[in-house]
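K.L.:
one predicted model, sequence on top.
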Amino acid sequence: EESISVSNLSQLMGVKASDLIRKLMQAGKMATINQLIDADTAAFLASEFGYTVEKKGFEVEEYIPEVEEDEAKLVTRPPVVTVMGHVDHGKTSLLDAIRQADVAAGEAGGITQHIGAYSVQTSKGPITFLDTPGHEAFTAMRQRGAQVTDLVVLVVAADDGVMPQTIESIKQAKAAKVTILVAINKIDKPGATPERVMQQLNEYELVPEQWGGTTIMLPVSARTKQGIPELLEYIALQAEVLELKANPEKLAKGVVIEAKLEKGRGPVATVLVQEGTLRTGDALVTGAEYGRVRAMMNERGEQVKAVSPGYPVEVLGLSGVPTAGDEFDVVEDEKAAKEVAEHRAEKARQKELGSVKKATLEDLFAKA
Ligand code: GDP
Ligand code: MG
C-alpha cells in the first residue's frame, strides 16, 4: 500500500502542512505532520488544492488482458458485410430488399428497428449487414484500425456504370484486404447494360468468374428483388471459404457501430460482438464511457440476454454516448470498467492540456 507523510506531501504540493491538516480535519480525519496517509487520502488532498490526480502505474492491460486464442474453442460465426458504392446506385434500396428477404421475417414479424446493423437468416445461414452510411462508417472504422467487415458488396448501377465513389470503394476494400462481391443493380431499367459494368470493372482488376476471373458479379434489382436470393447465397458461400471463426467462451469484445442519445432510453449504442459472448449485466468499457449492460435489443426490437460473435445488438446502460468505430471490452466488474474509462478520460484531458505543467499523484509518490 502506497503512503506519504503529511510533511512530504505539503512540500511537494507547495501547500503549508497546517493547511493540509486543517483540510483533513474538516473531512473528519485527524492527522499529525509526520503521519503517513494513504494514496486515496493524498489524492483527496491533491484534488482539494487543485492538482490532477493520476493513479500510479495504471495499466489498462491489467483490466483488458491479451489472452492467447484457444483454437479448440473456435466456432463458426456469421460474416459481416458492408454495402458500398456510388451515391444513388442503390445501397439503401439493396439493404432494404435484403432485410425483406429475411426468411425469419415471417414468423417473428421482420426487422422493424433501425439499429445500424442487422442479421438476416438465409437458407445458407445467418449474415450480418452493417446498415450505416456504408462509406463513412467503413472509413471511420478503418482509420481507427478496426477491422469489422469480412466482405464488401459493391453496388454498381447497371445504367450508370463505374463512377468516382465506385473506384474509391474498390480502393478502400482492397486496402483493407476485404473480398469484393459486385451487385450490378437496377437491371430492371431499360437502359441497363450489365456487360458494360463488368468490362469497366476489369480496369480495376475485378474480373468476373464467367470471364475466368475470381470476382462474383451478380445482376440484381433492389426494386423487383431479382437476384437478391442469389446474392445472399453467394455471400454465404464466400463466407464459408473465409472460414470465419471466433471464441464465444470469453469476455466479449467488439466495435461500436453507431451510438446516440435517446429520450427516455439514455445513451444507446449498436455494437458488433466480435469475440466472446455479450450478456446483460456485463460491465463494459468503450473509450471513456462505461457501464453495465442494462438491456439489449435486436433488430426486431426483441430483448436478448446473450449475443454471440458476429452478431450486432443495441446496448443500453452506458454512462455516455460512445464513439462509432471505437472498440468495446467487457471487463471483470463495473468498478474496473469505471477505472479504465476514467483513466482514458484523464489521458485525453492531459493530451488536450498539452504542455501545461501539473503535478500528478504519480509524481508525488515518485519523489517522496
Ligand atoms: P444509395 O444512394 O446508393 O443509397 O441509393 P438509393 O438506394 O437511395 O437509390 C437511389 C435511387 O435509385 C432511388 O430513387 C431508388 O428508388 C432507385 N433504385 C435503387 N435500386 C433500384 C433498382 O434496382 N431499380 C430501379 N429501377 N431503381 C432503383
Ligand atoms: Mg443511401
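P.N.:
Happy to help now that I have it. Ligands and ions are numbered 1, 2, ... in the order given.

K.L.:
only C-alpha atoms for contact and neighbour calcs from this point on.
P.N.:
OK.

K.L.:
do you know how far T270 is from I115?
P.N.:
Counting by C-alpha to C-alpha, to the nearest Å, the gap from T270 to I115 is 6 Å.

K.L.:
now L218
P.N.:
From L218 over to I115 (counting by C-alpha to C-alpha), the distance is 27 Å.

K.L.:
please say which of these two ends up with more neighbours.
P.N.:
I115 (25 against 20; other C-alpha atoms under 10 Å).

K.L.:
contact residues of the stretch 51-200 of the chain facing ligand 1?
P.N.:
Residues of the stretch 51-200 of the chain found near ligand 1 (C-alpha under 6 Å from any ligand atom) are 87-93, 185-186, 188-189.

K.L.:
please repeat the previous calculation with a cut-off of 8 Å.
P.N.:
The stretch 51-200 of the chain comes close to ligand 1 at residues 84-95, 155, 157, 185-189, as judged by C-alpha under 8 Å from any ligand atom.

K.L.:
just to revisit the earlier point, between T270 and I115, what contacts are shared?
P.N.:
Both T270 and I115 are in contact with 258, 313-314, where contact means C-alpha atoms under 8 Å, 6 or more residues apart in numbering.

K.L.:
any chance of those residues in CSV, plus distance to ligand 1 and pLDDT?
P.N.:
Output for these, formatted as CSV (distance: C-alpha to the nearest ligand atom, whole Å; pLDDT from 0 to 100):
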residue, distance to ligand 1, pLDDT
E258, 18, 89
V313, 23, 97
E314, 23, 96
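
K.L.:
tell me which of those is nearest to I235?
P.N.:
Nearest to I235, judged by C-alpha to C-alpha, of those is V313 at 21.2 Å.

K.L.:
dump the residue contacts of that closest one.
P.N.:
V313 neighbours (C-alpha under 8 Å, 6+ apart): 115, 117, 270-273, 296-299, 307.

K.L.:
about what we covered before: helices - which of the residues of the stretch 51-200 of the chain next to ligand 1 land there?
P.N.:
91-95 (DSSP state H).

K.L.:
TSV please, covering those and showing pLDDT, neighbour count and distance to K73.
P.N.:
Conversion of those to TSV gives the following (pLDDT from 0 to 100; neighbours: other C-alpha atoms under 10 Å; distance: C-alpha to C-alpha, whole Å):
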residue	pLDDT	neighbour count	distance to K73
K91	92	26	36
T92	90	18	37
S93	93	16	38
L94	94	22	35
L95	92	18	33
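
K.L.:
quick check: mean pLDDT of the longest helix seen in the chain?
P.N.:
Longest helix of the chain, by residue count under DSSP H: helix 334-353. For helix 334-353, the mean pLDDT works out to 88.

K.L.:
and it, what does it pack onto?
P.N.:
Under the contact criterion of 3 or more C-alpha pairs under 8 Å, 6 or more residues apart in numbering; DSSP states H and E, helix 334-353 touches helix 60-63, strand 283-286, strand 289-297.

K.L.:
re earlier: from the contacts of V313, which land in strands?
P.N.:
117, 270-273, 296-297, 307 (DSSP state E).

K.L.:
which of those residues sits closest to L12?
P.N.:
The shortest gap between L12 and any of the ones in strands among the contacts of V313 belongs to V271, at 45.1 Å (C-alpha to C-alpha).

K.L.:
which residue packs closest to E243, ignoring adjacent ones?
P.N.:
T76 (7.1 Å; C-alpha to C-alpha, 6 or more residues apart in numbering).

K.L.:
still on that earlier bit, the longest helix of the chain vs strand 289-297, what angle?
P.N.:
130 degrees (axes from the mean of the first three to the mean of the last three C-alpha atoms, to 10 degrees).

K.L.:
what are the contacting residues of helix 334-353?
P.N.:
Applying C-alpha under 8 Å, 6+ apart, the external contacts of helix 334-353 come out as 54, 58, 60, 63, 283-292, 330-331.

K.L.:
for these, work out which two are farthest apart.
P.N.:
Applying C-alpha to C-alpha across these, the maximum distance is between E54 and R292, 24.1 Å.

K.L.:
these two: who's more crowded?
P.N.:
R292 (22 against 17).

K.L.:
just the pLDDT for that one.
P.N.:
Note on R292: pLDDT of 97.

K.L.:
which ones are touching it?
P.N.:
Going by C-alpha under 8 Å, 6+ apart, R292 touches 280-284, 317-318, 334.

K.L.:
re earlier: so which of the helices and strands packed on helix 334-353 is nearest Q210?
P.N.:
Closest among the helices and strands packed on helix 334-353, using C-alpha to C-alpha: strand 289-297, at 42.0 Å.

K.L.:
that closest one: partners in the sheet, and parallel or antiparallel?
P.N.:
Paired neighbours of strand 289-297 in the sheet (DSSP bridges): strand 283-286 (antiparallel), strand 303-304 (antiparallel), strand 312-318 (antiparallel).
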